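S.K.: what would the 3D arrangement of this be:
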Amino acid sequence: MKRKKRFRAWIGLGGNLGNIMNAMAYALQCFDKHDDCSTITVSSVYKTPPWGKKDQPWFLNACAKISTGLAPEALLQLGLDIENEMERSRVEKWGPRTLDIDLLFYEDLKISISSRLLLPHPEIGRRAFVLIPLAEISPKLIFKGETIANLAEQFENKQIIKCPTGRLWWKGKFLNIFNTTQEI
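M.R.: Residues are numbered from 1 along each chain as shown. Below is the predicted model of the structure:
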């Protein structure tokens, strides 16, 4: 049986409503349990101020590097399906959310499929909540001719707080978070 070719992709996760740590952990476990995905490494969790729309609670954010056999569009759809399962509603741009999953990079491909999929994600260079965790796991990754580590340096003195979670924070018992009888 021929083995399917695997590609590296990077995703960003975040949210500011509900149990965000559980939501992000659940999402990462969904990617990891999918037949065509596996998690390579996950950043620490960072508490970050809201971006875009400022009058809302702070966010928790993380990034992950995954291996996948899915095409970029299918990987994006998997992320959207996980968001929907977590009851993500898109009421206002940059507004509060239970979970947000962004496809940041897919190998070194540059992709533009109308407004549905732009890779690398065009806002990476402006978002400390992406650059700081991404620099932790892939500092030499290149965005617009600069390493992620160099781009992250511009945000070193911003209000980004590394949470004391440990690298395997996402491996907990979160797969049935909507089952209210299960202890979390």
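S.K.: after the lowest-mean-pLDDT helix or strand in the chain comes which helix or strand?
M.R.: Here the helix or strand of the chain ranked lowest by mean pLDDT, DSSP states H and E is strand 111-113, holding a mean of 79. Per DSSP states H and E, the first helix or strand lying C-terminal to strand 111-113 is strand 117-119.
S.K.: just checking, what packs against the very next helix or strand once past that next one?
M.R.: Where DSSP H and E defines the elements, the next helix or strand beyond strand 117-119 is helix 128-137. Contact partners of helix 128-137 among helices and strands, from 3 or more C-beta pairs under 8 Å, 6 or more residues apart in numbering; DSSP states H and E: strand 7-15, strand 46-48, strand 59-68, strand 100-106, helix 148-153. To be clear about C-beta, it is placed using only N, CA and C from the backbone, and glycine gets the same treatment.
S.K.: can you add mean neighbour count, mean pLDDT and distance to residue 21 and give the ones you listed back as TSV?
M.R.: As requested, those are arranged in TSV below (neighbours: other C-beta atoms under 10 Å; pLDDT from 0 to 100; distance: least, C-beta to C-beta, whole Å):
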stretch	mean neighbour count	mean pLDDT	distance to residue 21
strand 7-15	24	95	9
strand 46-48	20	93	11
strand 59-68	23	95	6
strand 100-106	23	93	14
helix 148-153	19	94	22
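S.K.: which residues of this structure score low on pLDDT?
M.R.: 1-3, 87-95, 115, 157, 173-184 (pLDDT under 70).
S.K.: residue 63 reaches residue 13, doesn't it?
M.R.: Yes: Residue 63 lies in contact with residue 13 (C-beta atoms under 8 Å); the separation is 7.2 Å.
S.K.: common neighbours of those two, please.
M.R.: Taking C-beta atoms under 8 Å, 6 or more residues apart in numbering as the contact rule, residue 63 and residue 13 touch no residue in common.
S.K.: buried sites along stretch 23-36?
M.R.: Residues 23, 24, 25, 26, 27, 28, 29, 30, 31, 32, 34 are the ones in stretch 23-36 that count as buried (16 or more other C-beta atoms under 10 Å).
S.K.: off-centre distance for it?
M.R.: In terms of C-alpha atoms, centre = their mean, to the nearest Å, the gap separating the centre of stretch 23-36 from the centre of its chain is 11 Å.
S.K.: contacting residues around that stretch?
M.R.: Residues from elsewhere that reach stretch 23-36 (C-beta under 8 Å, 6+ apart): 4, 11, 13-15, 37-39, 42, 45, 60, 62, 64, 66, 68-70, 74, 78-79, 82-83, 85-86, 98-99, 101, 169-172, 174-175, 177.
S.K.: make it 6 Å
M.R.: 13, 15, 37-39, 62, 64, 66, 68-70, 82, 86, 98-99, 101, 170, 172, 174-175, 177 (C-beta atoms under 6 Å, 6 or more residues apart in numbering).
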